[in-house]
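> structure for this input, please:
(one chain, ligands or ions: 1)
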Amino acid sequence: MLDPVKVGILGLGTVGGGTVHVLQHNAQEISRRAGRDIVISHACAKVLNKSLPYSTDNILLTEQLSDVVNNPDIDIIVELLGGTTIAREMTLQAIAQGKHVVTANKALIATHGNEIFTAAQNKGVTVAFEAAVCGGMPIIKAIREGMSANKIEWIAGIINGTSNFILTEMREKGSDFAKVLAEAQSLGYAEKDPTFDIEGIDAAHKVTILGAIAFGIPLQFDKVYKEGITQITAEDIQYADELGYKIKHIGLTKRTQKGIELRVHPTLIPNAQLLAKVEGVMNAVMVESDALGQSLYYGAGAGALPTASSIVADLIDVTRTLTTDPGNRVPHLAFQANALVDLPIVPIEEIETAYYLRLSVLDKLGILAQVTNILSAHDISIEAIIQKEPIDGSKHVSVVMLTHKVLEKQMIQAIQEIEILEGLIGSPTRIRLERCA
Ligand code: HSE
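Down below sits the predicted model:
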């Protein structure tokens, strides 16, 4: 058998620990698959004196990143530092030294991936990133390799487990956003600073990567339309339910006549759709492609062992390619680097989608007629409408509507006119609706 492949790991937190555990626990199966042993020879971690739930006996521990990245005996670097500054520097430094890199860092790939992949290609090394999108779900491999015969039309996914957990709890318990977020934080499902998850940034990183590998376009995080779940109320979740829909936070990328859509936002999904049945912290991604049709991928999008599952699979893939011609490896972004095309990214005002609208209006003759007149003047056709009785002697009522598909800019104009109607209380709530069919 060939000599073991030596791996240096940057960051021994939850995911790093999971990676050490999986490599040790499944060592035999892994070397049967890879054709040689894969061992972690070095690890960089800030706090070295804490007791770790796995053996570090054969791992040289250091607090200096450069001890690992510059070590000539190491073949592959696993980057688990998080963030984009030091992680970018270390990744580029490792590549410059001819090392392969495996990373779980979606922010790094989404924002600096173009630069990193160019550097890797010039050096003939691989940067593998399965764990960056949906943790343990092998969605990169499924799309990049399993579906390489297909023309992909769209991808829609529940790609942020924290948001999905919060929306699931809000629906099941009728609780409001702030209460469920606090619970999620106390259970460790949401971070102390939950901004990336609840504002759609984490999902936008992932959709950037999915769009690139689906359509052969460069990574363009700055062009993703992002909306999180902070404005979703228990009331909207309940009304959507009455109309036969779930509200999910969806990452969507789609090929259209105008270019490629890249967007993440709360979305009403019909209850009958498989994506609507994905609850709690689980992730799922649905892909529509011409030869295969619709396919759905479901699994754990986070956690030590699921994420380690993807990292170790990448280590095995890289190990298998160590002796192959770099020009014939699977391209980083699924398409050959010289075949990427800079298709336009569709601005959000130009997308076409259906909508859920909720208005709070004075219970007075004629207001609803004015609202429907404005919608009709903007070619917005109503598919369903419900009006709720006033609660506890209140003088206002909630009116909930579903519309057919319309250009977003027409909906924006209509809402601007509805907003200034006398008798309207507050601003209308608007949530996009996708049938994913
Ligand atoms: N914070 C992410 C989520 C997991 O909630 O899905 C890592 O991307």
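> what's the distance between residue 14 and the ligand?
In this view, residue 14 and the ligand are 11 Å apart by Cβ to the nearest ligand atom, to the nearest Å. For every residue, glycine as well, the C-beta is placed using N, CA and C.
> now do the contacts for the residue nearest to that residue when sequence neighbours are not counted.
Once flanking residues are discounted, residue 14 sits nearest to residue 304: 4.7 Å by Cβ to Cβ, 6 or more residues apart in numbering. Counting by Cβ atoms under 8 Å, 6 or more residues apart in numbering, residue 304 makes contact with 14-15, 17-18, 21.
> if we go to 10 Å?
13-19, 21-22, 53, 135-136 (Cβ atoms under 10 Å, 6 or more residues apart in numbering).
> try residue 223
204, 208, 211, 217, 260, 262-263, 344-347.
> let's see that with 7 Å instead.
By Cβ atoms under 7 Å, 6 or more residues apart in numbering, the contact list for residue 223 reads 262, 345.
> per-residue pLDDT of it, please?
For residue 223, the model assigns a pLDDT of 98.
> state the distance from it to residue 46.
Noted for residue 223: a distance of 35 Å to residue 46, by Cβ to Cβ, to the nearest Å.
> that older thread, okay, the contacts of residue 304 in TSV with secondary structure next?
Listed next are these as TSV, based on DSSP: H, G, I helix; E, B strand; the rest coil:
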residue	secondary structure
13	coil
14	helix
15	helix
16	helix
17	helix
18	helix
19	helix
21	helix
22	helix
53	coil
135	coil
136	coil
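> so which of those wins on neighbours?
residue 19 (31 neighbours; other Cβ atoms under 10 Å).
> so that one makes contact with residue 313?
No - counting by Cβ atoms under 7 Å, residue 19 does not reach residue 313; the two are 11.0 Å apart.
> from the contacts of residue 304, which shows the smallest pLDDT?
residue 53 (73).
> what about residue 318, distance to residue 326?
12 Å.
> okay, these two: which has more neighbours?
Per other Cβ under 10 Å, whichever of residue 318 and residue 326 has more neighbours is residue 318, with 23 against 13.
> which residue packs closest to that one, ignoring adjacent ones?
Nearest non-adjacent residue to residue 318 (Cβ to Cβ, 6+ apart): residue 100, at 4.7 Å.
> do residue 295 as well
residue 287 (5.3 Å).
> which SS class is residue 253?
Per three-state DSSP, residue 253 ends up strand.
> wait, residue 411
Residue 411 ends up helix, using three-state DSSP.
> ok, it - contacts?
Here residue 411 is in contact with 355, 380, 430 (criterion: Cβ under 7 Å, 6+ apart).
> check residue 43 too.
Contacts of residue 43 by Cβ under 7 Å, 6+ apart are 9, 12, 59, 61.
> equivalent analysis for residue 436, please.
Counted by Cβ under 7 Å, 6+ apart, residue 436 has contacts 156, 269, 273, 275, 286.
> at 6 Å instead, please
Contacts for residue 436 (Cβ atoms under 6 Å, 6 or more residues apart in numbering) come out as 156, 273, 275, 286.
> give me the pLDDT for it.
86.
> helix or strand for it, which one?
Per DSSP states H and E, residue 436 falls between elements, in no helix or strand.
> do you know how far it is from the ligand?
19 Å.
> same question, residue 145
Taking Cβ to the nearest ligand atom, one finds residue 145 at 22 Å from the ligand.
> one more: residue 40?
Per Cβ to the nearest ligand atom, residue 40 is found 22 Å from the ligand.
> excluding covalently adjacent residues, which one is nearest to that residue?
Residue 40 sits nearest to residue 7 (Cβ to Cβ, 6+ apart), 4.9 Å away.
> just the element for the one you found, please.
strand 5-10.
> for the residue sitting furthest away from the middle of the chain, helix, strand, or coil?
Distance from the centre of the chain peaks at residue 365, with 45.4 Å (Cα atoms, centre = their mean). Here residue 365 is coil, with the state taken from three-state DSSP.
> Throw the contacts of residue 436 into JSON lines and include secondary structure and distance to residue 83, thanks.
Converted to JSON lines, the contacts of residue 436 look like this (DSSP: H, G, I helix; E, B strand; the rest coil; distance: Cβ to Cβ, whole Å):
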{"residue": "156", "secondary structure": "strand", "distance to residue 83": "29"}
{"residue": "273", "secondary structure": "coil", "distance to residue 83": "36"}
{"residue": "275", "secondary structure": "helix", "distance to residue 83": "31"}
{"residue": "286", "secondary structure": "strand", "distance to residue 83": "31"}
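> make CSV from those residues and add pLDDT, neighbour count and distance to residue 417 to it.
CSV is the format used below for the contacts of residue 436 (pLDDT from 0 to 100; neighbours: other Cβ atoms under 10 Å; distance: Cβ to Cβ, whole Å):
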residue, pLDDT, neighbour count, distance to residue 417
156, 98, 26, 31
273, 96, 19, 32
275, 97, 21, 33
286, 98, 23, 35
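> can you tell me which two in the residues you listed are farthest apart?
Largest separation among these by Cβ to Cβ: 156 and 273, giving 9.3 Å.
> ok, now which ones touch the residue in the stretch 201-350 of the chain positioned nearest to the ligand?
Closest residue of the stretch 201-350 of the chain to the ligand, Cβ to the nearest ligand atom: residue 302 (3.7 Å). By Cβ under 6 Å, 6+ apart, residue 302 lies in contact with 135, 161.
> hang on, it in a helix?
No - counting by three-state DSSP, one finds residue 302 to be coil, located in no helix.
> for the stretch 201-350 of the chain, which residues are neighbours of the ligand?
By Cβ under 6 Å from any ligand atom, the residues of the stretch 201-350 of the chain that approach the ligand are 202, 301-302.
> now with 5 Å, please.
Residues of the stretch 201-350 of the chain lying near the ligand by Cβ under 5 Å from any ligand atom: 301-302.
> what about the strands in the stretch 201-350 of the chain?
Ranges of strands in the stretch 201-350 of the chain, per DSSP state E, counting those that start in this stretch, are 225-226, 245-256, 259-270, 282-289, 293-300.
> tell me which residues in the third one are buried?
Taking 16 or more other Cβ atoms under 10 Å as the neighbour-count basis, strand 259-270 is seen to contain the buried residues 259-270.
> now do it and strand 245-256, the angle between them.
If you take axes from the mean of the first three to the mean of the last three Cα atoms, to 10 degrees, strand 259-270 sits at 160 degrees to strand 245-256.
> in terms of secondary structure, what does strand 259-270 contact?
helix 201-215, strand 245-256, strand 424-433 (3 or more Cβ pairs under 6 Å, 6 or more residues apart in numbering; DSSP states H and E).
> switch to 10 Å and redo it
strand 152-158, helix 161-173, helix 201-215, strand 225-226, helix 234-242, strand 245-256, strand 352-362, strand 424-433 (3 or more Cβ pairs under 10 Å, 6 or more residues apart in numbering; DSSP states H and E).
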